[in-house]
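# From the sequence below, what's the structure:
(2 chains)
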There are 2 protein chains.
Amino acid sequence: MEFLRLAKREDIYHNFFPIFRPLRRVKVAIFEALRRFSGQDIISPEDMPYFPRSTVDGFAVKAKDTLGASTNLPSILRFVGEVKMSEKPSINLSDGEALRIWTGGWIPQGADAVVMLENASLNQNIVEVYKPVAAGENVLKVGDDIKKGDLIIRKGKEIRAQEMAILQALGFFEVEVSRCPRVLIIPTGNELVEPWQDASHGRIRETNTVAVAGLNKDYCEKVERHPIVPDNREALKRAIRDNIADYDLIIVSGGSSKGAGDFATGAVEDFEGGEIIYHGVQISPGKPTIFARIKEKPIIGLPGHPVSSFVSTYLFILPFVKYLQGATKYLPEPSGYLKAGIDIPSKPGREDWIRVKRDNDKVFPIFSESGVLSSLVKADGLIRIPENLEGVHAGEEVEFYLL
Amino acid sequence: MEFLRLAKREDIYHNFFPIFRPLRRVKVAIFEALRRFSGQDIISPEDMPYFPRSTVDGFAVKAKDTLGASTNLPSILRFVGEVKMSEKPSINLSDGEALRIWTGGWIPQGADAVVMLENASLNQNIVEVYKPVAAGENVLKVGDDIKKGDLIIRKGKEIRAQEMAILQALGFFEVEVSRCPRVLIIPTGNELVEPWQDASHGRIRETNTVAVAGLNKDYCEKVERHPIVPDNREALKRAIRDNIADYDLIIVSGGSSKGAGDFATGAVEDFEGGEIIYHGVQISPGKPTIFARIKEKPIIGLPGHPVSSFVSTYLFILPFVKYLQGATKYLPEPSGYLKAGIDIPSKPGREDWIRVKRDNDKVFPIFSESGVLSSLVKADGLIRIPENLEGVHAGEEVEFYLL
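This next block holds a predicted model:
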């Protein structure tokens, strides 16, 4: 009998990930930067806005001139013209005067607020103001959004739609990011056949690699799939040797449990510079995951059961491909909290990742073996039950991870 | 003074969306189906597994033969051979016998459970079992995962990594989905310049379209951008007329508020079959959003302020592009619940969507005007404060929408 010496999940993040260095930096156009991670601290080269800007359509005024204005007793101001868009106004507003201005217009000298169009009316050369404004109201002052020299995007931050927008707003065309990882998945298993092959007589269609690829697609340059390799140490070694130079991460799917069928660890150890860093993690499902290296290349061995493979991919591979791009936030983080719909038991001594169906603010566990793929299809997400708990009671809050 | 007659957010989903029909169906290869929506109920053509399958490496046995087994007093069984992978075993197990079997192997006639490798040992032709198994233990029976005829993916369900895997497991190569929408965004505004143009003298780089495109990229065939159109009804009409046939949705960015600068509604109404369905929604930010049609083509007008534009896109455009693909779940749904870190006031009578920073299970509001783009970059998500509340207290749970 052989036993796995189990790592904690954190051990993988703290001890395995840092063995490898983020990938080489490249520059990409802003619109290609979605979901990548900034390679540097980005500092604003300018104030935004760089001129005092109206945030509404209305009349630029001196706020004090509108004091006490009401529908019954409007303030009466002199209309002295209009601020043209895309122009710095030359006028200097005097007491008792109002200038027509549009959203985005440049607040003229002398004015300190804008009365919204719906709170005023213009008749001949008289502007009636029905509601007072405070100084600064409806005005974005220079640098109110961003000041020149502000840190706008920290190194390692994920670039979302709004980060793309702000980069464009500040005149950037490109952003420095890490290259996206190229990943190869090698499916192993004597019982497996390719999807298009005959799957009778105890043969099983290989499907884990599809799920792994789907989960990682957004964060990888490519996730490619090797043809199925039989449960044979030499065959697996060949598949690794022939491909290791072309990929940033090699995933071996299956063959990771400590049984007579286990050969993935052996195949890695046969390489010069091959080293198993961890074999097995104190989580369920996903326990028999292998974390290894061949020199500077990471090799991760996933369990063969579809649910274990999926959870391991979610907890380790996806964070790792983000880590390889220099992300600062790459760990799985709950999407929020929901309530246990019923009592959910759990085995202490391991962290449980339980598939759940969601019903508004409640979650209901889907209990099934880790070989049951349909349980993942039914699941809206996962909940985490820490290793020191024997379960959670109905109504208790749990961390929810949306899938 | 003119006022908007405001719709409720639900009015848009219930009355505007259904005016338009989901797009034409197409067949795509499974790996191209990620994040698309099944065009039909998918029924399993077979049992999964189609044979009784071992879920572990170990020994196939009759459970009753292991009754009371322990390390000190193991059950002693006769070793009668091995179940080969990808083969239906011909043997019929008799009382007191054990067969070597691997994960995925076919459980032979007569056996009803599998003892895990770590709970047994093989010496000569004797298998010692150290732990009893129950009937059915470590066995996936025929149809335990999926039964022939089961509904595995409901029409309109989003296809995630696990849906792709199950389709492949069941021998599907393609899946029917709706065509992805082709979207055109027309930026409008006299103050705006293209990102590469000179942005001085009160000119502003156009950036809203980048955020809109980024938010929708995953769910659209393409999100294209028209050159900037000045605040001019005829120019906007021309831009719409020249493009409407080529796109499934036209978004007009800016020019949607009811001011003298408002011309988007007019431009739409000038078309034959042009109709404003709603102008303005009881939400903040995002109020001055326009929902319109020109014959069978949807036109949505977004507010010009970057935060309003972003929130409107999140609440309406993204759901709409999913709706156009026949999705059943397209409405914004909280990622989970978090707690207000401080008291957060809100104006009753409108639904507030407040940008928040997250700190573990708490959220902290980012208060700023809707013209402040950097507030979106600081935000980890949005929280919703319903229109009947004047705010939430510190410690209260709030719906969190991860951005």
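# contacts, neighbours, all on C-alpha from now
OK.
# Give me the distance between the residue of chain A positioned farthest from its centre and A:N216.
Relative to the centre of chain A, and counting by CA atoms, centre = their mean, the farthest-placed residue is A:Q124 at 55.4 Å. Distance from A:Q124 to A:N216, counting by CA to CA, to the nearest Å: 64 Å.
# Residue of chain A closest to chain B, please.
Going by CA to the nearest CA, chain B is nearest to A:G336 of chain A, at 3.8 Å.
# residues near that residue, how many?
For A:G336, the neighbour count with other CA atoms under 10 Å in any protein chain shown is 24.
# next one: the one 3 residues further on
Other residues within reach of A:K339 by the criterion other CA under 10 Å amount to 23.
# Pull the residues that contact the helix or strand harbouring it.
Following DSSP states H and E, one finds A:K339 within strand A:336-340. Contact with strand A:336-340 is made by A:361-364, A:392-401, B:335-338, B:361, B:400, as judged by CA atoms under 8 Å, 6 or more residues apart in numbering or on different chains.
# of the residues you listed, buried ones?
For the contacts of strand A:336-340, a neighbour count by 16 or more other CA atoms under 10 Å in any protein chain shown gives the buried set as A:361-364, A:392, A:397-401, B:335-338, B:361, B:400.
# now, which of those lie within strands?
A:362-364, A:392, A:397-401, B:336-338, B:400 (DSSP state E).
# Get me the contact residues on the stretch 251-400 of chain A for chain B.
Counting by CA under 8 Å from any CA of the partner chain, the residues of the stretch 251-400 of chain A lying close to chain B are A:259-261, A:335-338, A:361, A:371-377, A:400.
# Correct me if wrong: A:L249 contacts A:I299.
Yes. At 6.1 Å, A:L249 counts as touching A:I299 under the criterion of CA atoms under 8 Å.
# When those two are compared, which one has more neighbours?
When A:L249 is set against A:I299 and neighbours are counted by other CA under 10 Å, the residue ahead is A:I299, at 26 against 23.
# where do the helices sit along the stretch 101-250 of chain A?
A:161-169, A:208-216, A:233-243 (DSSP state H, counting those that start in this stretch).
# Ok, the stretch 251-400 of chain A next?
A:264-269, A:306-312, A:318-323, A:374-378.
# mind saving the C-alpha coords of the longest one as PDB?
Taking C-alpha atoms only, helix A:306-312 is exported to PDB below (Å, rounded to 0.1, in the frame of the first residue of the first chain):
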ATOM      1  CA  PRO A 306     -14.300  14.100 -15.200                       C
ATOM      2  CA  VAL A 307     -15.400  16.000 -12.100                       C
ATOM      3  CA  SER A 308     -12.000  15.800 -10.400                       C
ATOM      4  CA  SER A 309     -10.400  16.900 -13.600                       C
ATOM      5  CA  PHE A 310     -12.700  19.800 -13.900                       C
ATOM      6  CA  VAL A 311     -12.300  21.000 -10.300                       C
ATOM      7  CA  SER A 312      -8.500  20.600 -10.400                       C
END
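# who does A:G391 bridge with?
A:P345 (DSSP bridges).
# Can you give me the neighbour number for it?
Using other CA under 10 Å: A:G391 sits among 16 other residues.
# Tell me who's in contact with it.
Contacts of A:G391 (CA under 8 Å, 6+ apart): A:343-347, A:385.
# rerun at 6 Å
Contact analysis of A:G391 by CA atoms under 6 Å, 6 or more residues apart in numbering or on different chains lists A:344-346.
# So which of these wins on neighbours?
Neighbour-wise, those (other CA under 10 Å) top out at A:S346, 20 neighbours.
# pretty sure that residue contacts A:E387?
No. Applying CA atoms under 6 Å, one finds A:S346 not in contact with A:E387, separated by 8.4 Å.
# for A:S70, helix, strand, or coil?
coil (DSSP: H, G, I helix; E, B strand; the rest coil).
# what does the model give A:L4 for pLDDT?
pLDDT for A:L4: 58.
# Ok, A:M85 next?
pLDDT, read off for A:M85, is 86.
# would you say it is within a helix?
No. Using three-state DSSP, the secondary structure at A:M85 is coil, not a helix.
# OK, contacts around it?
If you count contacts by CA under 6 Å, 6+ apart, A:M85 has them with A:105, B:191.
# Strands along the stretch 51-200 of chain A, start to end?
Using DSSP state E, counting those that start in this stretch, the strands of the stretch 51-200 of chain A run over A:53-54, A:58-61, A:75-82, A:97-101, A:113-116, A:120-123, A:126-129, A:139-140, A:151-153, A:174-178, A:182-187, A:192-193.
# measure the residue farthest from the centre of chain A to B:E82 for me?
Counting by CA to CA, the gap from A:Q124 to B:E82 is 100 Å.
# same check, this time on A:L192
With CA to CA as the criterion, A:L192 and B:E82 are 18 Å apart.
# Looking at these two now, which is surrounded by more residues?
A:L192 (22 against 16).
# Looking at that one now. What's its pLDDT?
pLDDT, A:L192: 94.
# Kindly report the same for A:R160.
At A:R160, the model reports a pLDDT of 98.
# Please apply the same query to A:K322.
Looking at A:K322, the pLDDT reads 98.
# and the spatially closest residue to it that is not a sequence neighbour, how many residues sit next to it?
Distances taken as CA to CA, 6 or more residues apart in numbering or on different chains put A:Y330 closest to A:K322, at 5.7 Å, once the chain neighbours are dropped. Applying other CA under 10 Å, we find 21 residues neighbouring A:Y330.
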